[in-house]
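# Need a 3D model of the following:
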Amino acid sequence: MSALRAKPVLAWAVRLCVALGLMALAFRIALPAGDGSAWLRLREAWTGTPAEMLAWFALASAVLGINLAVGAWRFQLLLGGAGHAVPGIALFRGYLVATFFNTLLPGAVLGDVYRVVDARREMRSGSRATGLVVLERLFSLAALGVLVLAVALALAAGEVSRGGLGIVVPVALVLTALGLVVFFPGFHDGLRRLVPAQRRFPRLWGAVDQSLGAAADAVRSPARAGQAFVLSLVGHLLPALSAWLLAQTLHSSVAWPWYAAFVPFIALVSLLPVSIGGAGVRELLYVELFGAVGMRPEVALALALSVFASSLVWAGIGGLAFALGRGTGRASEPSP
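Predicted coordinates:
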């Protein structure tokens with residue numbers, strides 16, 4: 001039993017070591033040792049006064065808070081399509097707490113697990129909640145692919161150097177191809193028909209069937225699915241806008257479209273469970289991708305650290321919400 005308890009702690013420790021190693025690598029690339037001025041160059045990456053920096057930081061953090069509200073609205077739309085009426089404030093709280101878990105734990109899986117558990121209290125169906133959380137994640141991936149491709153076309157039309165787009169565009173193509181199929185109810189219904197009628201594990205396959213059924217119900221209304229997709233696009237643009245706002249007090253002349261292309265891609269890769277809260281992965285990608293389009297490495301590192309600091313604001317609020325506990329929710333049954 002003690003060995004079972006030790007495994008999560010060991011996994012967390014390993015990922016913490018990976019995060020520290022990647023962070024050290026990002027610092028080494030951005031601030032090579034030699035002349036003793038590395039830390040001075042990092043400090044001088046910021047150009048504004050303390051008051052100006054605080055104002056831009058507050059504005060960027062507020063944009064991230066709006067993004068959480070947009071995510072809750074999108075999830076409420078999908079839940080409504082599946083016949084579940086859940087208060088938006090309860091979903092917003094779920095996003096806050098998930099942000100807290102995603103910042104402290106590897107990847108975004110446990111944050112999504114918490115949201116499944118949280119939605120289940122309202123829906124009284126863990127299987128349907130799982131299907132809708134997965135569907136929402138797929139919507140987000142499809143929107144990311146479409147957004148990056150649109151930005152790539154705009155940059156190409158303006159004859160701007162491709163820079164780091166050579167890395168993100170192939171990923172965007174795959175995400176678009178895989179993600180857009182989830183908009184068709186027939187796709188989910190077709191998968192349901194593949195669930196074996198005679199099954200050895202009836203509870204497991206029954207849960208899969210319910211999850212797919214909830215996803216199919218959520219996208220039967222094209223208008224509702226379209227609104228959820230638009231909110232997914234907004235959900236990628238707002239973090240990019242937040243990063244751009246943070247860059248206003250940095251020595252940076254990188255144009256806005258690069259933020260729209262790179263920031264959502266970096267956020268996606270940071271979800272991989274290889275470090276803690278994407279630490280190290282995020283900084284390394286900022287240095288490499290933004291460096292490819294002309295941003296000085298110490299400035300890109302400063303931007304990555306600023307982005308992380310702004311995310312900690314909402315992670316802290318989410319941790320407080322989790323510590324204070326959950327109010328009594330209003331459960332709803334699926335509508336006929």
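# contacts, neighbours, all on C-alpha from now
OK.
# where does the stretch 201-336 of the chain dip in pLDDT?
By pLDDT under 70, the low-scoring segments of the stretch 201-336 of the chain are 201, 326-336.
# other SSEs contacting the helix or strand encompassing residue 79?
Counting by DSSP states H and E, the element that carries residue 79 is helix 50-81. Packing contacts for helix 50-81, counted by 3 or more CA pairs under 8 Å, 6 or more residues apart in numbering; DSSP states H and E, involve helix 88-104, helix 126-157, helix 202-218, helix 222-246, helix 297-324.
# Tabulate those helices (CSV), appending distance to residue 115 and mean neighbour count.
What follows is the helices and strands packed on helix 50-81, written out as CSV (distance: least, CA to CA, whole Å; neighbours: other CA atoms under 10 Å):
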stretch, distance to residue 115, mean neighbour count
helix 88-104, 6, 22
helix 126-157, 8, 21
helix 202-218, 15, 20
helix 222-246, 17, 21
helix 297-324, 12, 20
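# Could you point out which of these sits nearest residue 77?
The closest of the helices and strands packed on helix 50-81 to residue 77 is helix 222-246. By CA to CA, the value is 6.5 Å.
# That closest one versus helix 50-81: what angle between them?
With axes from the mean of the first three to the mean of the last three CA atoms, to 10 degrees defining the directions, helix 222-246 sits at 170 degrees from helix 50-81.
# before we move on, the earlier item: how about the helices and strands packed on helix 50-81 in JSON lines, adding distance to residue 30?
Supplementary listing: those in JSON lines, determined by distance: least, CA to CA, whole Å:
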{"stretch": "helix 88-104", "distance to residue 30": "23"}
{"stretch": "helix 126-157", "distance to residue 30": "26"}
{"stretch": "helix 202-218", "distance to residue 30": "44"}
{"stretch": "helix 222-246", "distance to residue 30": "18"}
{"stretch": "helix 297-324", "distance to residue 30": "5"}
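# Tell me which of those lies nearest to residue 51.
Across these, closest to residue 51 is helix 222-246 (CA to CA), at 13.3 Å.
# next one: that closest one to chain centre, how far?
Using CA atoms, centre = their mean, to the nearest Å, the mean C-alpha position of helix 222-246 is found 11 Å from that of the whole chain.
# next structured bit after that helix?
helix 256-270.
# Any chance you could list what contacts that following helix?
107, 144, 147-148, 151-152, 155, 165, 168, 236-237, 239-241, 243-244, 277-279, 281-282, 285-286, 289-290 (CA atoms under 8 Å, 6 or more residues apart in numbering).
# cutoff 6 Å now
148, 236, 240, 278, 281-282 (CA atoms under 6 Å, 6 or more residues apart in numbering).
# from the chain's centre, how far out does the helix or strand just after it sit?
Next helix or strand after helix 256-270 toward the C-terminus (DSSP H and E): helix 281-285. Counting by CA atoms, centre = their mean, helix 281-285 is centred 15 Å from the centre of its parent chain.
# Now helix 281-285: buried residues?
281-285 (16 or more other CA atoms under 10 Å).
# now do stretch 244-260
244-252, 257-260.
# between those, which is closest to residue 214?
residue 260 (31.6 Å).
# Would you mind measuring from that closest one to residue 55?
Noted for residue 260: a distance of 22 Å to residue 55, by CA to CA, to the nearest Å.
# repeat for residue 192
From residue 192 to residue 55 the distance is 51 Å (CA to CA).
# of these two, who's got more company?
Using other CA atoms under 10 Å as the criterion, residue 192 and residue 55 rank with residue 192 on top: 18 against 15.
# so how far is residue 323 from that one?
39 Å.
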